[in-house]
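>>> How does the following fold in three dimensions:
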Amino acid sequence: MNWKLPVITAAGVAFGALAGATYAKQGKPEYVLVPAGQAKFAPLDPKLGDKGPQFAVISGDPKTGPTAGLLKLGKGASPIHYHSSDYYAVTVEGQTRHWLPGKEADSKASGPGTAWFQPGGSAATAHGDECVTDSCTVFIFMPGKFDLQLPPPAKK
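Numbers count the residues shown, from 1 in each chain. Model prediction:
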């Protein structure tokens with residue numbers, strides 16, 4: 001018997017249940033459908049404009065959360081960072097890497113369908129992300145606000 005199918009199915013159910021249970025506490029959202037290619041992306045950093053990361057809100061309010069959306073990234077790594085909120089992510093297009101500090105060498109480029117959960121809350125939950133292809137799109141759900149914070153510099 002192939003053990004992978006039950007394990008993948010169980011992981012998917014657990015992933016969905018955790019996200020759904022957290023989201024359910026926030027109230028019932030309205031129906032939303034965003035056809036392929038019609039997401040409205042906006043720069044996350046006005047200084048970088050379209051050359052920097054962009055986010056398309058599907059549901060919710062990124063300033064307060066919960067929120068779901070598409071994150072579009074150009075090729076390259078983000079600085080080590082953390083978020084106030086936990087988040088769930090799935091690579092939709094491109095090849096991404098996700099790692100914890102000190103584990104960069106263990107991370108591998110992964111394509112569409114790759115999913116992860118990243119706890120949020122403090123510098124102790126810092127991590128790195130990279131788009132290794134020309135561009136990447138990642139679906140993200142955050143039960144809290146959408147933010148990115150840099151950990152304090154290491155003391156010498």
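
>>> Could you use CA atoms for every contact and neighbour count after this?
OK.

>>> those helices in the protein, which residues are they?
Taking DSSP state H to define them, one finds helices in the chain at 4-24.

>>> where does it dip in pLDDT?
1-26, 156 (pLDDT under 70).

>>> Just give me how far the strand with the most length in it sits from the chain centre.
Assignment by DSSP state E gives strand 128-142 as the longest strand of the chain. Centroid separation for strand 128-142 versus its chain: 7 Å, with C-alpha atoms, centre = their mean, to the nearest Å.

>>> That strand pairs with which strands?
Its sheet considered, strand 128-142 pairs with strand 67-77 (antiparallel), strand 87-93 (antiparallel), strand 96-99 (antiparallel) by DSSP bridges.

>>> Make CSV out of the ones you listed and add mean neighbour count and distance to residue 127.
Listed next are the strands paired with strand 128-142 as CSV, based on neighbours: other C-alpha atoms under 10 Å; distance: least, C-alpha to C-alpha, whole Å:
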stretch, mean neighbour count, distance to residue 127
strand 67-77, 20, 11
strand 87-93, 20, 12
strand 96-99, 21, 6
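
>>> how about those strands in a markdown table, adding distance to residue 152?
Shown next, in a markdown table, are the strands paired with strand 128-142 (distance: least, C-alpha to C-alpha, whole Å):
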| stretch | distance to residue 152 |
| --- | --- |
| strand 67-77 | 19 |
| strand 87-93 | 21 |
| strand 96-99 | 18 |
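
>>> Nearest to residue 116, out of those?
Using C-alpha to C-alpha as the measure, strand 87-93 is the one of those that comes nearest residue 116, at 5.4 Å.

>>> re earlier: of the strands paired with strand 128-142, give the one that comes closest to residue 33.
strand 67-77 (11.7 Å).

>>> Run the chain-centre distance for the closest one.
7 Å.

>>> Dump that strand to CSV, restricted to CA.
Provided in CSV are the C-alpha atoms of strand 67-77 (Å, rounded to 0.1, in the frame of the first residue of the first chain):
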residue,chain,number,x,y,z
THR,A,67,-6.9,38.2,5.1
ALA,A,68,-6.4,35.9,2.1
GLY,A,69,-4.6,37.0,-1.0
LEU,A,70,-2.0,36.4,-3.7
LEU,A,71,1.6,37.6,-3.1
LYS,A,72,3.6,38.2,-6.3
LEU,A,73,7.3,38.2,-6.0
GLY,A,74,10.2,38.9,-8.3
LYS,A,75,13.3,36.8,-8.4
GLY,A,76,15.5,37.0,-5.3
ALA,A,77,15.4,36.4,-1.5
